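Visitor: need a structure here:
(chains A and B)
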Amino acid sequence: DAGVTQSPTHLIKTRGQQVTLRCSPKSGHDTVSWYQQALGQGPQFIFQYYEEEERQRGNFPDRFSGHQFPNYSSELNVNALLLGDSALYLCASSQGRVSPLHFGNGTRLTVT
Amino acid sequence: GESVGLHLPTLSVQEGDNSIINCAYSNSASDYFIWYKQESGKGPQFIIDIRSNMDKRQGQRVTVLLNKTVKHLSLQIAATQPGDSAVYFCAEKALQGSSNTGKLIFGQGTTLQVKP
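Guide: Have a look, this model is predicted:
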């Protein structure tokens, strides 16, 4: 039974560029959440998708957007990248919106 | 504001000893708490959770204690092993009004180092 899978594992982008990160939830899960984890910090909530709609959002600018597909997989898009966007981006899935989250191993984004 | 914090950034223990990792939270109305373990290069791994109607919950080699009076949470690991070395995070389910949301608020983490 595959857990949460994320791609790519590592990515290097230049300031001003755009990036798309992908996530497949754990089998049986229908809700996907995205978190940003800066080095040495705890994860920070970006947003949550359920039934293909953004249901809740953290304190992140509109440059951060997402999508959920009918098969429950999800994408995180970041436009106009800043150096400060360099972080580990974690996807987590759950069955419903409030059950325990299961995390993937993340995508390490470096912005130069 | 939103805040879940841990008391110590690094905890060093001898293999076989018991470990206690502490966490303070700020929202007295929160009713669901989770401990995660994060190894280097991996995502957070669920360890154990507890609801506010309990003050103790046990898993395999782990126990979580909740003291709502002082808004304190702790994770106890029995007979600590080298494989327990990782960063441990407590997390709190954010409330919106009186309802639980899907948002977790994480602390900054405690690094557990196990000496052989």
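Visitor: and for residue A:90, the neighbour number?
Guide: 27 (other Cβ atoms under 10 Å in any protein chain shown). Quick note: C-beta positions are derived from backbone N, CA and C, even for glycine.
Visitor: name the element it belongs to?
Guide: Assessed by DSSP states H and E, residue A:90 sits inside strand A:87-94.
Visitor: distance between that strand and the chain's centre?
Guide: Strand A:87-94 sits 5 Å away from the centroid of its parent chain (Cα atoms, centre = their mean, to the nearest Å).
Visitor: tell me which residues of that strand are tucked away?
Guide: A:87-94 (16 or more other Cβ atoms under 10 Å in any protein chain shown).
Visitor: any idea how far chain A is from residue B:55?
Guide: For residue B:55, the distance to chain A (Cβ to the nearest Cβ, to the nearest Å) stands at 20 Å.
Visitor: can I assume residue B:83 sits in a helix?
Guide: Yes: under DSSP: H, G, I helix; E, B strand; the rest coil, residue B:83 sits within a helix.
Visitor: list the contacts for it?
Guide: Not one residue lies near residue B:83 by Cβ atoms under 8 Å, 6 or more residues apart in numbering or on different chains.
Visitor: that one and residue B:64, how far apart?
Guide: Look at residue B:83 and residue B:64: by Cβ to Cβ, to the nearest Å, they are 19 Å apart.
Visitor: hmm, back to that, out of the buried residues of strand A:87-94, the closest to residue A:76 would be?
Guide: The shortest gap between residue A:76 and any of the buried residues of strand A:87-94 belongs to residue A:89, at 6.3 Å (Cβ to Cβ).
Visitor: rewinding a little: is the strand holding residue A:90 up against chain B anywhere?
Guide: Yes: counting by Cβ under 8 Å from any Cβ of the partner chain, contacts between strand A:87-94 and chain B involve A:90, A:92, A:94.
Visitor: would you format these as CSV with pLDDT included?
Guide: Shown next, in CSV, are the residues of strand A:87-94 next to chain B (pLDDT from 0 to 100):
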residue, pLDDT
A:90, 98
A:92, 96
A:94, 91
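Visitor: and these, which is closest to chain B?
Guide: Set against chain B, the nearest of the residues of strand A:87-94 next to chain B by Cβ to the nearest Cβ is residue A:90 (5.3 Å).
Visitor: wait, that closest one sits on residue A:34?
Guide: Yes: with contact defined as Cβ atoms under 8 Å, residue A:90 counts as touching residue A:34 (7.1 Å).
Visitor: burial of the residue lying closest to residue B:104 once chain neighbours are set aside, as a residue count?
Guide: Once flanking residues are discounted, residue B:104 sits nearest to residue B:91: 4.4 Å by Cβ to Cβ, 6 or more residues apart in numbering or on different chains. Residue B:91 has 26 neighbours, counted by other Cβ under 10 Å.
Visitor: my guess is residue B:91 contacts residue B:37. True?
Guide: No: Residue B:91 lies out of contact with residue B:37 (Cβ under 8 Å); the separation is 11.7 Å.
Visitor: so which elements touch the helix or strand of chain A with the lowest mean pLDDT?
Guide: The weakest-scoring helix or strand in chain A, judged by mean pLDDT, DSSP states H and E, is strand A:53-57 (a mean of 92). Judged by 3 or more Cβ pairs under 8 Å, 6 or more residues apart in numbering or on different chains; DSSP states H and E, strand A:53-57 is in contact with strand A:44-50, strand B:99-106.
Visitor: ok now do the most centrally placed residue in chain A, which residues does it touch?
Guide: Nearest to the geometric centre of chain A sits residue A:34, at 3.4 Å (Cα atoms, centre = their mean). Each residue near residue A:34 by Cβ under 8 Å, 6+ apart is listed here: A:23, A:45-48, A:66, A:74, A:76, A:89-92.
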